[in-house]
Structure formats: C-alpha cells, structure tokens
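**Student:** test case, fold it:
(3 chains)
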Amino acid sequence: MLHTVNKSSFERNSLQSCLNTIDDSSVILLIEDGVISAANNANSSMLADLATQGRVYALQGDVDARGISSKIADNIKLVDYAGFVDLVVEHGTAVSWV
Amino acid sequence: MATKKFMYLNRKASYGTVYAIESLEVVLIAAAFEQDVSLAFIDDGVYQIVEGQNTDGIGMKNFSKTFHALGDYDINKLYVSAESLEERGLTADDLMPLVYEDEDDDWEEKPSVKVVSNAELSKIMSDQDVCLSF
Amino acid sequence: MKFSIQINEGPYQHQASDSAYQFAKAAIAAGHEIFRVFFYHDGVNNASRFTVPPQDDRNVVNQWAELDIKNADGEPELVVCVAAALRRGMLDESEASKNGVEGNNIHPAFRISGLGQLIEAGIQSDRLVVFGD
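**Tutor:** I've put the predicted structure just below:
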C-alpha cells in the first residue's frame, strides 16, 4: 500500500496514526505540509526506522516550496509528481492520512 | 460487477466538520453496489459512534441514529481502534449498540462494531482494494 | 492504468485540488487514463464558473477544465457530487430549475451527478487516490 500524509506532524497526528497502522511492506509518501516531517527537526525520529528501510518518500515540489530542500533527513527519497504516480502504480491501494 | 473491498476511513469527530455526515452518506449509497464494505474509526473518528449524542444546543442535525440503519444494508464491519478509544478515556460500552442480523446464522442479531487493536487494523487495511478518506 | 481521484477541498483554501491536478497531469503524461475525478465536500467549489483569481496566479478551475477529462461518450468526467453541491450553492441549469433557483454556476467542463459515481470509480479504476484536508 501507499500511505500519503499531507499534514505536518507538528500540526496533526496524521503521521503518527499512519505509523500506528502501517504494515511491514507499505511505504509512506509525504506531500503538501506533510513534507515538514521529512526535515531534520524534533520529530525526525518518527520516520527514522522506516526511512532506513527505504520506505519513506517526500514530494520534491512541496519540499522546495517550503524552502527545506537542504534540510531533508537521511534516507528520505525525493520524488516528483511522475514519481508519485509510479508509487501509486507500484504499491497498490492508496490510503490518505489527512 | 466485480466485488472490491472498500474501506471508509473516519478520523474526525462529528459536527466540528462535515466529514462525518458526508462520509456516512457515501456509505449509504455504497450499500447499493454490493461491495465488501468496512468502516474504520480511528483517532477522533471514534466519537462518530459514541452513544448519547444530543445536538439540541448547537442547532445541527443529529445524524448519529443513521448509523443504526447500516445493519439493514449489510454493512456490518465497523472497526474501532482500541488505542484511539483508550487515549480518549472511552470504552466499548460508550459506543452505540449497532447490530445486524446474520442471515447465515438464523438471522441472529450480532454486533457490527468490533473494537480492534491497531495491529489488527493494520492487517484489515492491507486487505483493502479501495480506501476512501474524508 | 485507470486512475480515479477524489478531491475533498475547494480551490485555494487547501492544496488538495492543486496536488490532485499535478498528479492527474503527471498520470496523463505517463500514458495513464483518468477514469474520473470526483469532487466531494467543499471540493465541489472547484467547479465554479464564476471564479476570478488574480492574473498572476494559477486559475484552478480552468486548469481542471483544460485537462479535458472526458469519457468515451464525450461527457465530462470531472464529476461534482450533487448532494454536496446543492448544500453549498453549486448548481447547474437543471438543478437550478428543479429547485427554483435563478442562475447556475457549474463550469461546463464539469457535470453534476450522484455519489454512486464515486463508488463506481472505485470499482472500475485500478487505483483511486484521495486528496483532502
């Protein structure tokens, strides 16, 4: 499955709820304000494990828009919208954590 | 018509926003399509099916009783996150007693609401073909 | 693959419609088919023909219209939920006349229809992605 999270982990618990229910093979794509959780900040530990497994992505356009391109945490993979489409194709059912 | 597993993901309480009532409206329409339907109530979504809602003081329609109709439409898989209940000081006893009649078991009345752990919810979610979030 | 998209928020207020548009554009560019885009909740406001955004910013409604998402019969597959639309004052000519309202505001690139269209989109598509708040 592909889980998209579009809210910052400082604003909402969407990322935490996603992490509470994600299975062992699904991946997470951070979009919109959700990319804030991809930056090195107080909440970085939330995604560290999954990122090490190569299961965390962030939308490049949203990262650049928010001026945090140089602050992205290790192992988080940046994709563009074409990459977003590919992730949906590859990972099946999409779950939106809004 | 193909049968797919549809999950309706409810994470917001009723009344503060429109998502709860409008997602229920989708579920009721969906009943006519004879798909395999599950509802998941996570985070504040658990409040959607808390018993004893009274909206007289806020001038909004109390639509909670509509949940009782789901059983008649073969929608009887309402999963509630145990962790979400606990965080909010709620238990299964605080929830509406939603039931359905099991046609495979002599029409015995059974509960539609199933309190499950996040781990169990994870398995249920992984099984879904389509997940609608509101 | 056949994609469907659900959009839960109106233009400008949330990024949902923009994200969905960029996604749809990328999917089309990659050779995928957009079966249907379904506008629900405040998302119905993406169908307003009266929008006049500032000249130096994107026109969300027109962007959707320009994608020209239609089915084999040439009907728009930018679908606006009738129940959500009516309660928010989004009406096409037919609904306006049915409900005794003067004037209508649905952009011609969109069509109003029932919630069943969302379920059907889920059934008929290979993937359905939701953009919301």
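**Student:** I'd guessed B:Val115 sits against B:Ser84; true?
**Tutor:** No - using CB atoms under 8 Å, B:Val115 is not in contact with B:Ser84; the gap is 9.6 Å. Backbone N, C-alpha and C define where each C-beta goes, glycine included.
**Student:** chain C: helices as residue ranges?
**Tutor:** Assigned by DSSP state H, the helices in chain C fall at C:16-29, C:60-66, C:82-87, C:93-98, C:116-124.
**Student:** which other helices and strands contact the fourth one?
**Tutor:** Contact here means 3 or more CB pairs under 8 Å, 6 or more residues apart in numbering or on different chains; DSSP states H and E; on that basis helix C:93-98 packs against helix C:82-87.
**Student:** what residue in chain A comes nearest to chain C?
**Tutor:** For chain A and chain C, the shortest gap (CB to the nearest CB) falls at A:Tyr81, measuring 3.7 Å.
**Student:** what about that residue, neighbour count?
**Tutor:** The number of residues packed near A:Tyr81 is 21, by other CB atoms under 10 Å in any protein chain shown.
**Student:** what sits against it?
**Tutor:** A:Tyr81 sits next to A:59, A:61, C:22-23, C:25-26 when contact means CB atoms under 8 Å, 6 or more residues apart in numbering or on different chains.
**Student:** cutoff 7 Å now
**Tutor:** Residues near A:Tyr81 by CB atoms under 7 Å, 6 or more residues apart in numbering or on different chains: A:61, C:22-23, C:26.
**Student:** and these, which is closest to chain B?
**Tutor:** Comparing the contacts of A:Tyr81 against chain B with CB to the nearest CB places C:Phe23 closest, at 15.0 Å.
**Student:** more neighbours: which of B:Val115 and B:Ser84?
**Tutor:** Set B:Val115 next to B:Ser84 and count neighbours by other CB under 10 Å: B:Ser84 wins out with 24 against 21.
**Student:** now for B:Leu121, how many residues are close by?
**Tutor:** The burial count for B:Leu121: 23, using other CB under 10 Å.
**Student:** for it, helix, strand, or coil?
**Tutor:** What DSSP: H, G, I helix; E, B strand; the rest coil gives for B:Leu121 is helix.
**Student:** wait, it touches B:Ser38, no?
**Tutor:** No - using CB atoms under 7 Å, B:Leu121 makes no contact with B:Ser38, being 10.0 Å away.
**Student:** coming back round to it: got the helices of chain C as JSON lines, with mean neighbour count columns?
**Tutor:** Shown next, in JSON lines, are the helices of chain C (neighbours: other CB atoms under 10 Å in any protein chain shown):
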{"stretch": "helix C:16-29", "mean neighbour count": "21"}
{"stretch": "helix C:60-66", "mean neighbour count": "18"}
{"stretch": "helix C:82-87", "mean neighbour count": "18"}
{"stretch": "helix C:93-98", "mean neighbour count": "13"}
{"stretch": "helix C:116-124", "mean neighbour count": "20"}
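**Student:** nearest to B:Met125 among those helices would be which one?
**Tutor:** helix C:116-124 (15.4 Å; CB to CB).
**Student:** how about the closest one and chain B, touching?
**Tutor:** Yes - applying CB under 7 Å from any CB of the partner chain, one finds helix C:116-124 in contact with chain B at C:116, C:118-119, C:122-123.
**Student:** now that helix - C-alpha only, PDB.
**Tutor:** Written as PDB, here are the backbone C-alpha positions of helix C:116-124 (Å, rounded to 0.1, in the frame of the first residue of the first chain):
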ATOM      1  CA  GLY C 116     -22.800   6.400  -6.900                       C
ATOM      2  CA  GLN C 117     -20.300   7.800  -9.400                       C
ATOM      3  CA  LEU C 118     -17.600   7.800  -6.700                       C
ATOM      4  CA  ILE C 119     -18.200   4.200  -5.800                       C
ATOM      5  CA  GLU C 120     -18.300   3.200  -9.500                       C
ATOM      6  CA  ALA C 121     -15.000   5.000  -9.900                       C
ATOM      7  CA  GLY C 122     -13.600   2.900  -7.100                       C
ATOM      8  CA  ILE C 123     -14.900  -0.300  -8.700                       C
ATOM      9  CA  GLN C 124     -13.900   0.500 -12.300                       C
END
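**Student:** any residue of it touching chain A?
**Tutor:** No - Helix C:116-124 lies out of reach of chain A by CB under 7 Å from any CB, never closer than 10.4 Å.
**Student:** what's next to that helix, contact-wise?
**Tutor:** B:1-2, B:4, B:6, B:26, B:29-30, B:33, B:35, B:130, C:2, C:4, C:6, C:35-36, C:38, C:40, C:79, C:128.
**Student:** just the buried members of these?
**Tutor:** B:4, B:6, B:26, B:29-30, B:33, B:35, B:130, C:4, C:6, C:35-36, C:38, C:40, C:79, C:128 (16 or more other CB atoms under 10 Å in any protein chain shown).
**Student:** buried residues of the helix or strand hosting B:Val37, list them for me.
**Tutor:** Assigned by DSSP states H and E, B:Val37 belongs to strand B:36-41. By neighbour count on 16+ other CB under 10 Å, the buried set for strand B:36-41 is B:37-41.
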